[in-house]
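Quick one, structure for this:
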Amino acid sequence: MIFNIYQLMSQITHFILPSTCLFCGYWHTSSQPICLACVKDLPILSYSCSQCAESISTFHHDNHLCGTCLRSPPPFDKTYALFPYRPPIIQLITRLKFQQQLSFATALATLFLSNLQEWYKDKSLPDLIMPIPLHHKRLQQRGFNQAHEIAKPIAKALALPLDCTGIKRIKNTSAQSQLSSAKRQENIANAFVAERSYTGMAIAVMDDVVTTGYTIREFCRVLRLNGAKSIDVWCCARNQKSNELEV
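This next block holds a predicted model:
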């Protein structure tokens, strides 16, 4: 019901007050922040692992799991990703994070909400949403947490609590893509600490981009240790094997 009310109000607002497309700049009356023509040009996430959303061959079996999830099952249950991390999504997220264009956070949240109804048609929504936290030095430098900015309108539309303080990032880590696999694990190890219990709760963890996957694994590991019953990862973009960029 919440989905339907949100969609109806959004459509009415955009019909009365048309807006400009964030990509092409043309006026439009779509309920999305991006016009229909540009939406059609957005990249589609390829056949992917049902747990981490990494791209895999269509000939892969074992419940559609990738080799990494088969060898080392992650502490989360499923990943819901909007797009592969490639142009123009790379440019969109870069403008959000490094040019402080927060309207793109709202745009990504709106696009994410338009997919949630289909993703959760056969399961209950989580109990709360948790954006991946930034270290306080990174937060001071940037001035905002992009995962939090994306999560806020989603939480409001779904009437779900938003938890931004339950787990803190106590380690100021380097960019994962610059490191070897072993160094990536070492870099992110013990980067988070829980401030409360999550016993019996279903959690949605929100991030803008999942690249190497180590940050998400470490964050969700801490959630599991503190009692989380189920964990879904929500991300706007999922890095694919052919693209090792991280922003």
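
what are the ranges of the helices in the protein?
Assigned helices in the chain, in chain order: 2-16, 36-40, 67-71, 89-98, 103-119, 136-142, 146-158, 181-188, 214-225 (criterion: DSSP state H).

Out of those, flag the one nearest A81.
helix 103-119 (9.6 Å; CB to CB). For glycine as for every other residue, the C-beta is placed from the backbone atoms N, C-alpha and C.

so what secondary structure elements neighbour the closest one?
helix 2-16, strand 78-84, helix 89-98, helix 146-158, strand 230-238 (3 or more CB pairs under 8 Å, 6 or more residues apart in numbering; DSSP states H and E).

Output the contacting helices and strands for the shortest one.
Based on contacts counted as 3+ CB pairs under 8 Å, 6+ apart, the elements that strand 78-84 packs against are helix 103-119, strand 230-238.

need these in JSON lines with mean neighbour count, mean pLDDT and distance to H64, can you?
JSON lines is the format used below for those (neighbours: other CB atoms under 10 Å; pLDDT from 0 to 100; distance: least, CB to CB, whole Å):
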{"stretch": "helix 103-119", "mean neighbour count": "18", "mean pLDDT": "91", "distance to H64": "15"}
{"stretch": "strand 230-238", "mean neighbour count": "25", "mean pLDDT": "97", "distance to H64": "15"}
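
would you list these in JSON lines and tack on distance to I170?
As requested, those are exported to JSON lines (distance: least, CB to CB, whole Å):
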{"stretch": "helix 103-119", "distance to I170": "25"}
{"stretch": "strand 230-238", "distance to I170": "20"}
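
beta partners for S19?
Going by DSSP bridges, S19 is paired in beta bridges with H28.

Would you mind measuring from it to P33?
Per CB to CB, to the nearest Å, S19 is found 7 Å from P33.

what's the answer for S230, then?
30 Å.

Then K152?
15 Å.

Those two - which one has more neighbours?
Counting neighbours by other CB atoms under 10 Å for K152 and for P33 shows that P33 has the greater number, 23 against 18.

the domain parsing of this protein - what is it?
With automatic domain parsing serving as the domain definition, the record reports that the chain contains domains spanning 1-41, 44-238.

and those, which one's lowest on average pLDDT?
The stretch with the lowest mean pLDDT among the domains of the chain is domain 1-41, which comes in at a mean of 66.
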